[in-house]
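Participant: Dropping a prediction and its sequence here:
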Amino acid sequence: MSLPDFLHAHLSPDTRYFTAGELILESGQRLDGVSVAYRSWGNVANAAHRAVLICHALTGSADVESWWPGLIGPDGAFDPARDYIVCSNILGGCYGTTGPVSLCPRSNRRYRADFPRISVRDMVHLQRRLLEHLGVQQLELVTGPSLGGMQALEWATLYPDRVRSIVPIGVGGKHSAWCIGMSEAQRAAIYADADWNGGYYSDDRPPRQGLAAARMMAVCSYRSWSSFQRRFGREECADGEYQVQSYLRHQGQKINDRFDANSYVRLTQAMNDFDLSRGRGNYIDVLESIRQKALVVSVSSDILYPAHEQALLAKHLPNARYEILESDYGHDGFLVQTRELSKLISEFRRSADASFETRVAAA
């Protein structure tokens, strides 16, 4: 089975598809025959007042339940009995939405490295098209961690009249030099793979070692010193290698089995380019122009997007509440301590609902 077929075979049977047609990118380039893979939970009749958009992180998919367990459900932050919840695979991904593994229109050739550079704003514009197709005109809340948080912030800026509140998690308002450097090193590992061939590898020989090495670097930045020390220390495996080495190699193998190297390149490039103020003016002025209610969440031990980045966001977003998720798991804390995160979002939603009902009653 080829890698693209393997990826599609692992999509949830509840995945649906929307054909968006032509999409003009921020760069001016055009994509034809654009398709979006998405999932939804709840009754669309709830969308009038309780539509929620969840945006996934770098290697995620529309299957929120697989990477954010506990957030959707009667005891979670988002309840299908009351909410209409949507999550789509982002543009440039490899889980059903148009990206490098997709076939070029009117061709049996895959895009591979010919897939154009994209931006977080392009991802959001395509999500808007999907939501219009679903009949969703107003979003009660947009949320997501990391790259998902970038999308939430862009939603508030690009479509302020369509969004009532946002919850960006573990992310700043622009990519730092630290993060740009991290992703550059990861892409260099992919480029150095003998099977990379400028991005035009074959389905049966994808750049496995390079992508694995990139993921191993990323995982180190997703966790913390103390979490590695507590979990692995200097413990050895039966073969004499250290347990942390075995763990990282396992993570590298897993990414080889579930992701595409060209998608990894294009999505990390889009993250590098993320800057809310790009083309809009002064960074602080842009933040202060965002009027939606916001819950900004930091992970206390995050070394990739340190807490001071979210604190700056919360300081200058006029209607922001700031919370720190106390976690020893680093950046990945938002994927591990989901019960605590769900509670923070639920409390924020109750507060935002009360404020909204008061404004409606006074109108």
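Facilitator: Nice, I can see it. Everything numeric in this text was worked out from a predicted model, so none of it was measured. Numbering: from 1, shown residues only.
Participant: Residues in a beta bridge with residue 78, which ones?
Facilitator: Beta bridges link residue 78 to residue 72, judged by DSSP bridges.
Participant: 885 is where my numbering starts, stick with that
Facilitator: Yes, from this point I'll number from 885; that puts the last item at residue 962.
Participant: thinking it is in contact with residue 952, fair?
Facilitator: No - contact criterion CB atoms under 8 Å: residue 962 and residue 952 do not qualify, at 9.7 Å. All C-beta atoms are positioned from the backbone trio N, CA, C, and that covers glycine.
Participant: and for the two, which residues touch both?
Facilitator: Common neighbours of residue 962 and residue 952 (criterion: CB atoms under 8 Å, 6 or more residues apart in numbering): residue 938.
Participant: Ramachandran angles for the nearest residue to residue 959 once chain neighbours are set aside?
Facilitator: Once flanking residues are discounted, residue 959 sits nearest to residue 1226: 8.0 Å by CB to CB, 6 or more residues apart in numbering. Dihedral pair for residue 1226: phi -60, psi -40, per degrees, to the nearest 10.
Participant: Residue 1226 against residue 953, yeah?
Facilitator: No - contact criterion CB under 8 Å: residue 1226 and residue 953 do not qualify, at 9.9 Å.
Participant: Comparing those two, which shows the higher neighbour count?
Facilitator: Shown here are residue 1226 and residue 953; by other CB atoms under 10 Å, residue 1226 has more neighbours (20 against 14).
Participant: Contacts only, for that one.
Facilitator: If a contact means CB under 8 Å, 6+ apart, then residue 1226 has 954-955, 959-961 as its contacts.
Participant: again, 7 Å this time
Facilitator: 954-955, 960-961 (CB atoms under 7 Å, 6 or more residues apart in numbering).
Participant: Minimum pLDDT in those residues, which residue is that?
Facilitator: Among those, residue 954 carries the weakest pLDDT, at 94.
Participant: Any stretches of the stretch 1035-1184 of the chain with poor pLDDT?
Facilitator: By pLDDT under 70, the stretch 1035-1184 of the chain contains no weakly predicted segment.
Participant: again, only this time at 90
Facilitator: Counting by pLDDT under 90, the stretch 1035-1184 of the chain contains low-confidence ranges at 1086-1088.
Participant: quick one: the strands in it?
Facilitator: For the stretch 1035-1184 of the chain, the strands defined by DSSP state E, counting those that start in this stretch cover 1049-1053, 1177-1183.
Participant: so which of those comes closest to residue 1127?
Facilitator: For residue 1127, the closest of the strands of the stretch 1035-1184 of the chain is strand 1177-1183, at 23.8 Å, according to CB to CB.
Participant: Tell me, how many residues neighbour residue 1164?
Facilitator: Neighbour count of residue 1164, defined by other CB under 10 Å: 12.
Participant: residue contacts, the closest residue to it other than its chain neighbours?
Facilitator: Distance criterion CB to CB, 6+ apart; nearest residue to residue 1164, sequence neighbours excluded, is residue 1170 at 5.0 Å. The contact partners of residue 1170, taken as CB under 7 Å, 6+ apart, are 1160-1161, 1164.
Participant: With that, I have no additional questions.
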